[in-house]
Each structure stands twice: as C-alpha cells, then as structure tokens.
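Peer 1: could you look at this predicted model? Sequence included:
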Amino acid sequence: MQKLMNRIKVANKSIDINEQGYLVNLNDWSEAYVKKMAKQDDIKLYNDHWEIIFYFREYYHQNLVSPTMHHMIIDLMSKNIKFHDKKKYESHVYSLFPSDPIREICKLAGLPMPQADS
C-alpha cells in the first residue's frame with residue numbers, strides 16, 4: 001500500500017511530506033521547514049529546542065537511527081548546566097515537546113518516524 005503524500009511550500013520550494021508531516025526526502029530538511037512545522041504543531045522554538053533538534057540530526061547521521069529518550073537525556077543532560085537530574089531533564093524535554101517528544105523531535109529534525117518503542 002502506498003503512503004499518502006502531501007506537498008508543503010517552504011522557502012519558495014515545494015517539498016513532500018507524509019500524512020504525519022515527516023519529510024519524504026531527508027535532504028529537504030531546512031531550518032525553514034522546522035519553523036513551519038513547529039508553528040503548525042503549536043511549538044514556539046527556543047534555544048533548547050534547537051539544541052535537541054541538532055543533537056538528533058547529528059546522532060542520526062552518525063548512527064543511522066534516532067536516539068531513544070534515554071540516550072538523549074544521558075547525552076544532553078551532561079552538557080546542560082541547568083539540569084543534573086534525569087527526571088528533571090526529562091520533564092524539561094516534555095515541556096518543550098509536550099505531545100510525544102521523540103516523534104516530534106524526529107519530525108522537526110527531518111528524520112524518519114521512530115519506532116513505537118523509542
């Protein structure tokens with residue numbers, strides 16, 4: 001069965017997304033795409049959002065898989081001087097991406113939709 005695709009206009013360029021809003025072609029990712037999709041999903045982007053989005057992109061390019069919540073918290077918590085407790089940092093991530101953090105971050109990072117157990 002073929003997945004339905006939609007087209008959106010980002011920075012005067014038409015790009016294909018699937019029905020959940022994930023990029024069909026990962027090379028179409030741009031910061032303009034992030035801003036458009038975040039606005040559509042009612043997320044106001046701040047530095048902490050961008051840090052996590054870029055972390056996901058880098059992790060994916062190195063490992064060809066998106067990080068789990070556990071990996072992200074361990075890796076980023078140590079770099080973030082505001083948080084030294086895993087639960088507090090996880091709560092912070094949920095405050096940034098309230099609905100489903102891993103899926104939302106993957107979408108904004110231009111990565112494939114993660115498996116259900118991420």
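Peer 2: All right, it came through fine. Computed from a predicted structure; not experimentally measured.

Peer 1: in what helix or strand does the residue most central in space within the chain lie?
Peer 2: Among the residues of the chain, Ile105 comes closest to the average C-alpha position under Cα atoms, centre = their mean, at 1.8 Å. Ile105 is part of helix 101-108, with elements assigned from DSSP states H and E.

Peer 1: ok, now Lys44?
Peer 2: Going by DSSP H and E, Lys44 is not part of any helix or strand.

Peer 1: who touches it in this structure?
Peer 2: Ala38 (Cβ atoms under 8 Å, 6 or more residues apart in numbering). Quick note: C-beta positions are derived from backbone N, CA and C, even for glycine.

Peer 1: pLDDT below threshold where in this structure?
Peer 2: Residues of the chain meeting the criterion pLDDT under 70: 1-4, 80-83, 116-118.

Peer 1: recalculate using a threshold of 80.
Peer 2: 1-5, 77-85, 115-118 (pLDDT under 80).

Peer 1: so which bits of the top helix by length along it are buried?
Peer 2: Longest helix in the chain, counting residues (DSSP state H): helix 47-63. For helix 47-63, the neighbour count (16 or more other Cβ atoms under 10 Å) marks His49, Ile52, Ile53, Tyr55, Phe56, Arg57, Tyr59, Tyr60 as buried.

Peer 1: likewise for stretch 86-106?
Peer 2: Here stretch 86-106 shows Tyr89, Glu90, His92, Val93, Leu96, Phe97, Pro101, Ile102, Arg103, Glu104, Ile105, Cys106 as buried, counting by 16+ other Cβ under 10 Å.

Peer 1: related to what we said a few turns ago, quick check, distance from the helix holding Ile105 to the centre of its chain.
Peer 2: 3 Å (Cα atoms, centre = their mean, to the nearest Å).
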